[in-house]
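**Q** missing the sequence, but the structure's below:
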């Protein structure tokens, strides 16, 4: 059996995710393809994830891909998470992960509507909501905000108690319709680092309905792309990332002819049958990644790149904050000071060369942000306080200097 040690997994991560200098992507679309899709729950993360993987992209170029070319499309999918997908992947996503998320969400909402006494038939209540929202968007000849739709569709302008003590209202109805592909996130009235999307119809935004696809075919394509970008990974990694069942994942692996490989951990991993060659380590590299970046969130079992830093870098719900990387491992995080300058905070000592490269990355990111603050709701414990390792980081033994990252506009 082919063995893939942690060192090679880190090499694959650097190369496949366009993080090593010689592998950087040319366009925002290429950056998204490198990691299957970019996380979009935190508004600035799409832009910052693209910046980390490209040489010369700008916020305007990323906005153009999202809102003008529409070569990148935001869609709720795996694990009820909002992603930005390359447009050609949308049919596979809609038939599989998005459809599963929508079905689960619809069942919960029907139950909530009936328990709240809003209707004896929750399914009929949601069907009317769908019809009314579609009609409102048809009348608008454009796109509407959630607030505008709430006013236009009195049916959804209500508060529904959930089964866990929470409440939901119109935005959750719109989220469900988005997951179902009835409506789609379209134009945005805000620009980086904020996002205020408007809702519109797929026929207007994408030029027509999303092509139909069998669920099994959609899942197979998502697993194929994940294996290329993140493999080798365990079955449990894939199940977690995909938000699907073991049965679904096993079927996709079998159809792909995936090959079982051994890892440094106890569980076996999987690779595509044409991806079994040893991947040599790239040159030295560092990176600053935003909250919820696909690289740090791509596996369930993260020890081979995260080490002992899980509690410091993830909040109580399992959401990652910012991360600083050196040589394929997470070594700290980054924050913005009061003057919007980016500063790296270390969780462990690094070499002098690695520190210099990280500081250079911080300078490049500060210049790219150009005074913009990048607010986030995902602040890890490490982001809220300076780690003790930061104070001793300058005392490690010297090491050969890393090449500084090239300037990026």
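**A** Great, that's in hand. None of these values were measured; they are calculated from a predicted model.
**Q** only C-alpha atoms for contact and neighbour calcs from this point on.
**A** Fine.
**Q** if you go through the stretch 1-150 of the chain in chain order, where are the helices?
**A** Secondary structure of the stretch 1-150 of the chain (DSSP state H, counting those that start in this stretch): helices at 6-16, 28-34, 45-53, 59-63, 90-95, 97-115, 122-140, 146-152.
**Q** Would you point to the one among those helices that's packed deepest?
**A** Counting by mean count of other CA atoms under 10 Å, helix 45-53 has the highest mean neighbour count of these, with a mean of 26.
**Q** hang on, the earlier thing: out of the helices of the stretch 1-150 of the chain, nearest to residue 328?
**A** Within the helices of the stretch 1-150 of the chain, the stretch nearest residue 328 is helix 6-16; the backing value is 5.0 Å (CA to CA).
**Q** Would you mind pulling the contact partners of the host helix or strand of residue 179?
**A** With elements taken from DSSP states H and E, the one containing residue 179 is helix 170-180. By CA atoms under 8 Å, 6 or more residues apart in numbering, the surrounding residues in contact with helix 170-180 are 75-77, 94, 98-99, 101-102, 105-106, 126, 129-130, 146, 150, 156-159, 183-185.
**Q** 6 Å instead, please
**A** With contact meaning CA atoms under 6 Å, 6 or more residues apart in numbering, helix 170-180 is reached by 76, 98, 102, 156-157, 183-184.
**Q** Looking at these, which one is closest to residue 54?
**A** residue 76 (24.7 Å).
**Q** Would you mind confirming that the closest one is in contact with residue 82?
**A** Yes: in this structure residue 76 lies within contact range of residue 82 using CA atoms under 6 Å: 4.2 Å.
**Q** quick one on the thing from earlier: can you list the helices of the stretch 1-150 of the chain in a markdown table and add distance to residue 363 and mean pLDDT?
**A** Formatted as a markdown table, those follow (distance: least, CA to CA, whole Å; pLDDT from 0 to 100):
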| stretch | distance to residue 363 | mean pLDDT |
| --- | --- | --- |
| helix 6-16 | 21 | 98 |
| helix 28-34 | 21 | 98 |
| helix 45-53 | 13 | 97 |
| helix 59-63 | 17 | 95 |
| helix 90-95 | 36 | 98 |
| helix 97-115 | 38 | 97 |
| helix 122-140 | 44 | 97 |
| helix 146-152 | 38 | 95 |
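**Q** is it possible to export those to JSON lines including distance to residue 298?
**A** Conversion of the helices of the stretch 1-150 of the chain to JSON lines gives the following (distance: least, CA to CA, whole Å):
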{"stretch": "helix 6-16", "distance to residue 298": "10"}
{"stretch": "helix 28-34", "distance to residue 298": "12"}
{"stretch": "helix 45-53", "distance to residue 298": "13"}
{"stretch": "helix 59-63", "distance to residue 298": "22"}
{"stretch": "helix 90-95", "distance to residue 298": "17"}
{"stretch": "helix 97-115", "distance to residue 298": "16"}
{"stretch": "helix 122-140", "distance to residue 298": "33"}
{"stretch": "helix 146-152", "distance to residue 298": "30"}
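**Q** Of those, which is nearest residue 218?
**A** helix 90-95 (3.8 Å).
**Q** ok, back up a step: now the contacts of helix 170-180: which count as buried?
**A** 76, 98, 102, 156-157, 183-184 (16 or more other CA atoms under 10 Å).
**Q** need the residues you listed in a markdown table with distance to residue 11, can you?
**A** A markdown table is the format used below for the buried ones among the contacts of helix 170-180 (distance: CA to CA, whole Å):
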| residue | distance to residue 11 |
| --- | --- |
| 76 | 30 |
| 98 | 31 |
| 102 | 36 |
| 156 | 50 |
| 157 | 51 |
| 183 | 40 |
| 184 | 37 |
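**Q** Now for these: which two are most distant?
**A** Greatest spacing in the buried ones among the contacts of helix 170-180, by CA to CA: 98 and 157 (24.7 Å).
**Q** hey, what's residue 314 bridged with?
**A** Beta-bridge pairing of residue 314 under DSSP bridges involves residue 320.
**Q** Help me confirm that it comes into contact with residue 308.
**A** No: contact criterion CA under 6 Å: residue 314 and residue 308 do not qualify, at 11.6 Å.
**Q** what about the two, which has more around it?
**A** Comparing residue 314 with residue 308 by neighbour count (other CA atoms under 10 Å), the higher total belongs to residue 314, at 22 against 14.
**Q** Please report how far the more buried one lies from residue 326.
**A** Distance from residue 314 to residue 326, counting by CA to CA, to the nearest Å: 18 Å.
**Q** Which single one of the contacts of helix 170-180 is nearest to residue 332?
**A** Distance to residue 332 across these (CA to CA) is lowest for residue 76, with 29.4 Å.
**Q** how close does that closest one sit to residue 298?
**A** In terms of CA to CA, residue 76 sits 16 Å off from residue 298.
**Q** now do residue 67
**A** Going from residue 67 to residue 298 by CA to CA gives 26 Å.
**Q** Looking at those two, which is more packed in?
**A** residue 298 (21 against 18).
**Q** Quick check: closest non-adjacent residue to the more buried one.
**A** Closest residue to residue 298 in three dimensions, ignoring its sequence neighbours and counting by CA to CA, 6 or more residues apart in numbering: residue 241, at 6.5 Å.
**Q** what packs against whichever helix or strand that neighbour is part of?
**A** Assigned by DSSP H and E, residue 241 belongs to helix 235-242. Helices and strands touching helix 235-242, as assessed by 3 or more CA pairs under 6 Å, 6 or more residues apart in numbering; DSSP states H and E, are absent.
**Q** Show me where the stretch 301-409 of the chain has its helices.
**A** Going by DSSP H, counting those that start in this stretch, the stretch 301-409 of the chain shows helices at 303-306, 310-313, 352-369, 381-384, 388-392.
**Q** what's the helix or strand that the helix holding residue 179 is followed by in contact with?
**A** Counting by DSSP H and E, the next helix or strand C-terminal to helix 170-180 is strand 184-188. For strand 184-188, contacts defined as CA under 6 Å, 6+ apart pick out 67, 178, 196-202.
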